[in-house]
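Peer 1: Return atomic coordinates for the entry below.
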Amino acid sequence: MRLALYTGLILAGGYTCLTPALAADPTGDWRVADGVANIRVAQCNGSMWGAVSWEKQPGGRDENNPDVSKKNRPTLGMATLIDMKKKPGIDQWEGQVYNAKDGQLYSATITQAGPDQLEIKGCVMGFLCGGETWTRVGPPIPSSPANAMAKGAPKSGGAAPKAHGAQAAQATTGATAPAPAAPKAAGAAKPSQKGAADPVGDICLLPEIAGFAH
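Peer 2: All right, here's what the predicted structure looks like:
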């Protein structure tokens, strides 16, 4: 019997506890056990979320969703780990996982078993629990700008006007402004931005995830 996630979560026993000495950071991109997809995990509004960031066979659709309005939505960028909260005293996060094979939500936990291994465990109706180990394929992701905006951090909001003011001053004094523009262009590859090679970008900005925050 399987809890067949889009990611291939298997109902089987046997989990290794996280070594307490590890500084767990489950953010980043992870290749699922059967290799059909990567899941990007990031901290959004105080919770861990995961979304499909790459598909071995592009063009997947959420055709098994019981909600007719969602049956045609792309699986790329679709949330799979949902609003996972850190459990007190241990490096484990608990929330829900979306199973695209049957369009249902299940209780789940994620636990980092090492720098390059993430264990996911899902339960059907509170029992028949099992899971699999994912392999890291992307580095940890820095805190998303979406978190700062969600928390109303004044520094984040005030940074842009100051930058514009500095550029204006440079323009009036004849100082060269193109030099600071170069680092910004280089930043296009950051996880918080979207590009041709990374159509998903910052998952905290995906409507499904951004709209979940109260």
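
Peer 1: what's the average pLDDT for stretch 89-105?
Peer 2: Across stretch 89-105, pLDDT averages out at 91.

Peer 1: Stretch 118-131 now?
Peer 2: The pLDDT scores in stretch 118-131 average 83.

Peer 1: can I get the CA coordinates of that stretch in CSV?
Peer 2: Only the C-alpha atoms of stretch 118-131 are listed here, as CSV (Å, rounded to 0.1, in the frame of the first residue of the first chain):
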residue,chain,number,x,y,z
LEU,A,118,15.8,15.0,4.2
GLU,A,119,13.4,12.4,5.6
ILE,A,120,9.7,12.9,4.9
LYS,A,121,7.0,10.9,6.7
GLY,A,122,3.3,10.9,6.0
CYS,A,123,0.4,9.3,7.7
VAL,A,124,-3.0,8.2,6.4
MET,A,125,-5.8,8.9,8.9
GLY,A,126,-3.2,9.0,11.7
PHE,A,127,-1.8,5.6,11.0
LEU,A,128,-0.1,3.6,8.2
CYS,A,129,2.8,6.0,8.4
GLY,A,130,5.8,5.7,6.2
GLY,A,131,8.1,7.8,3.9
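
Peer 1: Show me which residues of it are buried.
Peer 2: Neighbour-count burial for stretch 118-131 flags 118-124, 129-131 (criterion: 16 or more other Cβ atoms under 10 Å). Every C-beta, even on glycine, is put in place using the N, C-alpha and C of the backbone.

Peer 1: Could you work out the most separated pair of those residues?
Peer 2: Across those, the longest distance by Cβ to Cβ is 20.6 Å; it joins 118 and 124.

Peer 1: Turn the buried residues of stretch 118-131 into CSV, including distance to residue 212 and secondary structure.
Peer 2: Putting these into CSV (distance: Cβ to Cβ, whole Å; DSSP: H, G, I helix; E, B strand; the rest coil) gives the following:
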residue, distance to residue 212, secondary structure
118, 21, strand
119, 24, strand
120, 20, strand
121, 22, strand
122, 19, strand
123, 22, strand
124, 23, strand
129, 25, strand
130, 27, strand
131, 23, strand
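
Peer 1: Excluding chain neighbours, give the residue nearest to residue 49 in space.
Peer 2: In this structure, residue 49 finds its nearest non-sequential neighbour in residue 209, 5.2 Å apart by Cβ to Cβ, 6 or more residues apart in numbering.

Peer 1: who are the neighbours in contact with that neighbour?
Peer 2: 44, 49, 51, 79, 203 (Cβ atoms under 8 Å, 6 or more residues apart in numbering).
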